[in-house]
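1. Dropping a prediction and its sequence here:
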Amino acid sequence: MIKTYLDIAEEVSQALRENRPVVALESTIITHGMPYPENIESAMNSEKIIREEGGVPATIAVIKGKIKIGLTNAELDYMGKNSAIPKASRRDMALLISQGQDGATTVATTMLCAALAGVRIFATGGIGGVHKNAQETFDISADLQELAHTSVAVVCAGAKSILDIGLTLEYLETHGVPVIGFGTSDFPAFYIRKSGFPVDYRLDTPAAIAKALRVKWELGLQGGMVIANPIPVEYEMEEAYINGVIEEAVSEAAKQNIRGKYITPFILARLHEQTEDKSLFSNKQLVYSNVRTAAKIAKAYSELS
């Protein structure tokens, strides 16, 4: 029955049949994370990196009521040119699909769709989390619940500084989601390599992470794993500077009463504007780093299987 709603690209389908490494990629980063045409350039570079590492990319989106697992160049361009395409979180999927609409998959829905297709490894920029003042707003990303229930590993540069990172990590701990630092003992904060909060475990090789994933899922421990991969040191932004810009953007969002799924795109756009695209450049570089790391982990995982 699920196959009725899935459209898996032949390249991805063949790789899954042959137990070759596949890496899922989200589409919200295309529609809401970067301006055109840099979003398409970034998406195609990400797919290229995965292929360079011996893997197969599976960019995921909802297009005309179908869950697409692996997009053509034409479909990537379609997503990139249509910023009006809504973000599709778990709550939106049934409605968008039943009405034959489009949707850009978030971290949560990319995990969900990847799991439906049998893809275990997913690379993104940063995960969502518990927003500051969540005790009043209850603004907590659906990404965290998805990580608690869906067995897909997420390679990311930690969480954005707009979030309450301490509460985000507490939430993940409560729901049994391991947070692994890839070559780091300190949880990264997107543009910054260190947040000041420790990870649960540090693992230094893709093989070690792949083994941990296999053991977790063979034990029947459902749910994902966060693989925290710090932004490469040469692309890290100066902490006081970027945090100051972020605080200004968060304050402006509050004044305009921007909340929920709209707040991150708003803040990213403000950051790109205020930093004269320096944050956009760092954003792209950390995504490429995460994609390469995810491809290496996917390869190690496929070799274990």
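-> All right, it came through fine. Residues are numbered from 1 along each chain as shown.

2. Going along the chain, name the helices of the stretch 1-150 of the chain.
-> 10-17, 28, 38-52, 73-81, 90-98, 107-117, 134-137, 142-149 (DSSP state H, counting those that start in this stretch).

3. Now mean pLDDT and mean neighbour count too, for the ones you listed, in JSON lines please.
-> In short, each C-beta sits where N, CA and C put it, glycine included. Shown next, in JSON lines, are these (pLDDT from 0 to 100; neighbours: other CB atoms under 10 Å):
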{"stretch": "helix 10-17", "mean pLDDT": "98", "mean neighbour count": "16"}
{"stretch": "helix 28", "mean pLDDT": "95", "mean neighbour count": "28"}
{"stretch": "helix 38-52", "mean pLDDT": "97", "mean neighbour count": "19"}
{"stretch": "helix 73-81", "mean pLDDT": "97", "mean neighbour count": "17"}
{"stretch": "helix 90-98", "mean pLDDT": "97", "mean neighbour count": "15"}
{"stretch": "helix 107-117", "mean pLDDT": "98", "mean neighbour count": "25"}
{"stretch": "helix 134-137", "mean pLDDT": "70", "mean neighbour count": "12"}
{"stretch": "helix 142-149", "mean pLDDT": "97", "mean neighbour count": "22"}
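
4. What is the neighbour count of Lys303?
-> Check again: residue 303 is Glu, not Lys. 12 (other CB atoms under 10 Å).

5. Pro265 now?
-> Number of residues near Pro265 (other CB under 10 Å) recorded here: 16.

6. now the helices of the stretch 1-150 of the chain in JSON lines, with distance to Glu276?
-> Output for the helices of the stretch 1-150 of the chain, formatted as JSON lines (distance: least, CB to CB, whole Å):
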{"stretch": "helix 10-17", "distance to Glu276": "38"}
{"stretch": "helix 28", "distance to Glu276": "24"}
{"stretch": "helix 38-52", "distance to Glu276": "14"}
{"stretch": "helix 73-81", "distance to Glu276": "22"}
{"stretch": "helix 90-98", "distance to Glu276": "34"}
{"stretch": "helix 107-117", "distance to Glu276": "27"}
{"stretch": "helix 134-137", "distance to Glu276": "31"}
{"stretch": "helix 142-149", "distance to Glu276": "29"}
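
7. Can you say which of those helices is nearest to Ala269?
-> helix 38-52 (12.4 Å; CB to CB).

8. how far is that closest one from where the chain is centred?
-> Averaging C-alpha positions (CA atoms, centre = their mean, to the nearest Å) puts helix 38-52 15 Å from its chain's average.

9. Could you export it as PDB, CA atoms only?
-> What follows is helix 38-52, C-alpha atoms only, in PDB (Å, rounded to 0.1, in the frame of the first residue of the first chain):
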ATOM      1  CA  GLU A  38      22.600  29.000  -5.200                       C
ATOM      2  CA  ASN A  39      20.100  26.500  -3.800                       C
ATOM      3  CA  ILE A  40      20.300  24.400  -7.000                       C
ATOM      4  CA  GLU A  41      24.100  24.700  -7.200                       C
ATOM      5  CA  SER A  42      24.300  23.600  -3.500                       C
ATOM      6  CA  ALA A  43      21.900  20.700  -4.100                       C
ATOM      7  CA  MET A  44      23.700  19.400  -7.200                       C
ATOM      8  CA  ASN A  45      27.100  19.800  -5.400                       C
ATOM      9  CA  SER A  46      25.800  17.800  -2.500                       C
ATOM     10  CA  GLU A  47      24.700  15.000  -4.900                       C
ATOM     11  CA  LYS A  48      28.100  15.100  -6.600                       C
ATOM     12  CA  ILE A  49      30.000  14.700  -3.300                       C
ATOM     13  CA  ILE A  50      27.900  11.600  -2.500                       C
ATOM     14  CA  ARG A  51      28.800  10.100  -5.800                       C
ATOM     15  CA  GLU A  52      32.500  11.000  -5.300                       C
END
